[in-house]
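>>> Structural data only, the sequence is not supplied:
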C-alpha cells in the first residue's frame, strides 16, 4: 500500500448527536479515492473537523500524513497541516457579490479588484478544470445555479494543490444527474492531480460516482463495510 495520508484507530467523538461518532479503523493511502456512506450533515462536519485537527477525538487516535492530530502544537502548525487538505463544503464561505474569478483568486491573494494577471490566469485555469463555462467567469456567484456554486467550491478547494480532497455532503441540493456528473468530474480531477479523496456522504449514487472504493459506516459500532469486497473493512498491512 502507498504511504497513508489518513489513519484512524478506535475513534469516538461525542458531538451531542443521537450517539457519538465512532470509527473503528480506516487507512487511506496517497492518491486513493474513497467514499463513506452513513453520515448525516452534522456527523460529516464532525468527521471533517476530526481529520483536519479542528477537534480531537474523545477516544482513539487520528494520524494525518503519518502524524497524530494530537501532536499539533499551535495555530501555525495547524495551518501548515490544514493547507494540505482541500475541503469542499457548504460551510466554505463564497462571496456572492464577487465574480467566479475573484472567488477563485481569493485563496492566493486578497488583491482581487481586479486580480493580478498571473493570479487571474490561475483562477481561469481552475474554473475550466472544474467545468465552469467561460460565460460564468465574470458573473457574480449569487447569479449561479446550485451546480455552478458547487463547482466554484471545488475550485476553491483545489487552489492550493492539496494532497487530500475532503468532501462534506457535496451532493446536497443537487439533482441526481448533476450530482453524478460532479462526482465523476471530481474523481477525474483528483486522479489527474494524484490527490486522495475522502467523501463523507449519505448519497450512494454520488459515492459510486466519486470513488472506486465505497464504505458504509455502521454508526453503533463504527465498523466500515467495504461494498467492493462484500465484507467488513479490516486494517490492511
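On my side now, so go ahead. Every value quoted in this text rests on a predicted model; they were computed, and no experiment measured them.
>>> rest of the way, CA atoms for contacts and neighbours
Noted.
>>> Run through the chain and note the low-pLDDT ranges.
Within the chain, the stretches with pLDDT under 70 are 1-2, 227-237.
>>> how far away is the residue nearest the centre of it from residue 35?
Central residue of the chain (CA atoms, centre = their mean): residue 166, 1.6 Å from the mean position. Separation of residue 166 from residue 35 (CA to CA, to the nearest Å) stands at 10 Å.
>>> hmm, back to that, which residues pair with the residue nearest to the centre of the chain across the strands?
Beta bridges link residue 166 to residue 87, residue 198 when assigned by DSSP bridges.
>>> List the residues that contact it.
Contact analysis of residue 166 by CA atoms under 8 Å, 6 or more residues apart in numbering lists 48, 85-88, 197-200.
>>> go on, residue 132?
Counting by CA under 8 Å, 6+ apart, residue 132 has contacts 148, 151-152.
>>> and which of these is nearest residue 7?
Here the nearest of those to residue 7, counting by CA to CA, is residue 151; it sits at 28.4 Å.
>>> Excluding its own residues, what touches the helix or strand harbouring that closest one? List them.
Following DSSP states H and E, the helix or strand that holds residue 151 is helix 146-158. With contact meaning CA under 8 Å, 6+ apart, helix 146-158 is reached by 85-90, 92, 94, 100, 103-104, 107, 126-127, 129-132, 141, 165, 170, 173-174, 178, 182.
>>> how about the helices of this structure, start to end?
41-51, 75-82, 100-105, 117-129, 146-158, 176-193, 204-210 (DSSP state H).
>>> name the helices or strands packed onto the shortest one?
In terms of contacts (3 or more CA pairs under 8 Å, 6 or more residues apart in numbering; DSSP states H and E), helix 100-105 is packed against helix 117-129, helix 146-158.
>>> and if you look at the first one?
If you count contacts as 3+ CA pairs under 8 Å, 6+ apart, helix 41-51 packs onto strand 21-29, strand 59-64, strand 164-168, strand 196-201.
>>> In that helix, which of the residues would be classed as buried?
By neighbour count with 16 or more other CA atoms under 10 Å, helix 41-51 contains the buried residues 41, 43-48, 50-51.
>>> likewise the second one?
With burial defined by 16+ other CA under 10 Å, the residues of helix 75-82 counted as buried are 78, 81-82.
>>> Adding distance to residue 24, write the residues you listed out as JSON lines.
Shown next, in JSON lines, are the buried residues of helix 75-82 (distance: CA to CA, whole Å):
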{"residue": "78", "distance to residue 24": "25"}
{"residue": "81", "distance to residue 24": "23"}
{"residue": "82", "distance to residue 24": "23"}
